[in-house]
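**Q** Below: sequence and its predicted model.
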Amino acid sequence: MPRPVLRLATRLTRRTRTTAWAIAFACMVLVGTLSLADGFANGVGSVADRIGSGPAVYIRGPELLASEIDVDRLSVIPGDFLALRAHTGELEINNESLPIVVVALVNYLAGNGTNSFPVGARDLSLDAGLRERIQEMSERPVETVANLSLFGIRLTGLPVVPPPPSRSLLFPDTWAHVRADLLVGMDLVHGGSVQAIVTNATLDPSMVSRLGLTRLDAVGAVGFVRAGVAQIQATLQLLALVIGLVIALLVYAAMSLEVHARAREIATLRSLGATPGKVAAVYEAQAVLISLAGAVLGAALGIVVAHAVVSFAPLFGFPNLVILTPPLGAVGLTLIVTLAAAVLAGLVPSRRAAVLVRSKGAVPS
């Protein structure tokens with residue numbers, strides 16, 4: 001008796017194989033999606049940690065470009081800090097015209113400011129990312145001279161010099177750098193004021209209040225993204241329930257058809273002494289086995305797909321902010337959802353099989 005029962009429980013038909021592949025596809029989607037969401041959360045967290053441990057940024061007003069800090073008041077700020085001037089302008093180079101952010105950085109030490117880069121009074125330093133953008137637009141190397149429009153004034157024939165030798169992690173690589181006195185000479189009011197103060201040490205709150213400054217939460221945007229990712233992760237828990245429902249429907253349909261198609265075999269088992277409970281256990285076991293096989297295969301495929309998406313994303317121009325880790329939680333959740341769905345969905349067909357063996361005339365003519 002055990003051997004026929006085991007053979008019936010583990011026998012695969014075209015119907016059950018198709019169901020197992022469908023379950024595998026659903027589990028692949030769930031594991032892959034959860035893995036990518038967790039990896040993106042890890043990447044955003046890594047960026048936030050790097051920025052959070054970096055320097056503090058103080059501005060006057062609600063945003064950086066609209067901030068104007070009186071340069072005469074910088075001498076009262078203790079310690080070392082960086083005064084940042086930032087303005088939007090228009091760059092003409094390589095027969096291309098593009099909007100850019102023009103900045104000037106002045107290092108302050110004990111109230112004295114030094115502007116060491118660029119060296120030339122009219123030098124225009126294009127950072128690495130900006131150079132790449134220009135080369136992509138024009139499909140040729142960056143020219144050695146450029147025109148710059150700023151504050152309604154157009155400067156021509158500015159010498160283009162290499163990128164700055166160093167850059168804070170807070171600053172993007174798409175800025176153009178000039179000397180502070182160039183901005184002051186173009187516009188004494190707007191070019192002379194400072195947009196931000198960057199310091200490694202947090203300023204005293206009383207001084208911040210006295211100067212009318214507010215600390216720019218550099219992690220704010222990242223924190224907003226992190227909260228969005230957390231919300232997506234929570235939403236994906238609902239996806240697990242939806243996939244569990246889909247798996248339950250697949251198992252229910254497959255096992256119901258199996259019970260109907262195997263009425264003769266069920267009657268044979270009954271004649272061999274199988275109890276209704278044992279017959280029900282056969283189909284319950286089969287529902288669990290095909291679901292488990294599909295879940296294991298789907299989890300493996302989901303991990304492969306997640307790594308493939310991360311590997312190929314840079315080829316299509318997408319930034320790689322995903323840091324994948326072993327998706328133990330995603331795989332565990334998938335297995336739990338799949339097995340729970342299989343057990344619940346298999347109850348009705350297995351009970352129907354048990355009822356079938358009690359009925360007279362269970363064997364179709």
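**A** Yep, it's here.
**Q** State the phi and psi torsions of the nearest residue in space to Asp70 that is not next to it in sequence.
**A** Nearest in space to Asp70, with sequence neighbours left out and distances taken as Cβ to Cβ, 6 or more residues apart in numbering, is Ser193 at 6.6 Å. Placement of C-beta: from N, CA and C, glycine included. Ser193 adopts backbone torsions of phi -80, psi 160, taken as degrees, to the nearest 10.
**Q** Let me see the contact set for Ser193.
**A** Glu68, Ile69, Asp70, Val71, Arg85 (Cβ atoms under 8 Å, 6 or more residues apart in numbering).
**Q** again, but for Ala261
**A** Residues in contact with Ala261, defined by Cβ under 8 Å, 6+ apart, are Arg15.
**Q** what's the spacing between it and Ala353?
**A** 11 Å (Cβ to Cβ, to the nearest Å).
**Q** Kindly report the same for Leu257.
**A** 12 Å.
**Q** Helices of the chain, residue ranges please.
**A** 2-10, 14-52, 128-138, 180-186, 205-210, 220-261, 263-271, 276-312, 328-358 (DSSP state H).
**Q** got the angle between the longest one and helix 276-312?
**A** Helix 220-261 and helix 276-312 meet at an angle of 140 degrees, taking axes from the mean of the first three to the mean of the last three Cα atoms, to 10 degrees as the criterion.
**Q** Helix 220-261 vs helix 328-358, what angle?
**A** If you take the same axes, to 10 degrees, helix 220-261 sits at 20 degrees to helix 328-358.
**Q** Now find how far off-centre helix 220-261 is within its chain.
**A** How far helix 220-261 lies from its chain's middle: 19 Å, per Cα atoms, centre = their mean, to the nearest Å.
**Q** Quick check: the gap between the most centrally placed residue in the chain and Arg352.
**A** The centroid of the chain falls nearest to Phe40 when counting by Cα atoms, centre = their mean (3.0 Å). Taking Cβ to Cβ as the measure, Phe40 and Arg352 are separated by 45 Å.
**Q** now swap in Thr88 and tell me
**A** Going from Thr88 to Arg352 by Cβ to Cβ gives 72 Å.
**Q** more neighbours, these two?
**A** More neighbours surround Arg352 than the other of Thr88 and Arg352, with 16 against 10 (other Cβ atoms under 10 Å).
**Q** which intervals of the stretch 251-365 of the chain have sub-threshold pLDDT?
**A** Residue ranges of the stretch 251-365 of the chain with pLDDT under 70: 269-274, 314, 316-321, 356-365.
**Q** Recalculate using a threshold of 50.
**A** Applying pLDDT under 50 to the stretch 251-365 of the chain flags the ranges 360-365.
**Q** Which one of the helices of the chain lies nearest to Arg167?
**A** Each of these was scored for nearness to Arg167 using Cβ to Cβ, and the closest is helix 128-138 (8.9 Å).
**Q** What lies in contact with that closest one?
**A** Here helix 128-138 makes contact (Cβ under 8 Å, 6+ apart) with 93-96, 98, 100, 126, 141-142, 163, 172-176.
**Q** And the furthest pair within those residues?
**A** So, the contacts of helix 128-138 by Cβ to Cβ: farthest apart are Asn95 and Pro172, at 24.6 Å.
**Q** Redo the helices of the chain as a markdown table? Include distance to Thr156.
**A** Formatted as a markdown table, these follow (distance: least, Cβ to Cβ, whole Å):
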| stretch | distance to Thr156 |
| --- | --- |
| helix 2-10 | 82 |
| helix 14-52 | 38 |
| helix 128-138 | 17 |
| helix 180-186 | 13 |
| helix 205-210 | 41 |
| helix 220-261 | 36 |
| helix 263-271 | 91 |
| helix 276-312 | 44 |
| helix 328-358 | 58 |
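**Q** among the ones you listed, which is nearest Leu150?
**A** helix 180-186 (6.0 Å).
**Q** CA atoms only for the closest one - export them in CSV, please.
**A** Taking Å, rounded to 0.1, in the frame of the first residue of the first chain, the C-alpha atoms of helix 180-186 are listed here in CSV:
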residue,chain,number,x,y,z
ALA,A,180,35.5,84.4,-6.5
ASP,A,181,36.9,87.7,-7.6
LEU,A,182,35.6,87.0,-11.1
LEU,A,183,32.1,86.7,-9.8
VAL,A,184,32.5,89.8,-7.6
GLY,A,185,33.7,91.7,-10.6
MET,A,186,30.7,90.7,-12.7
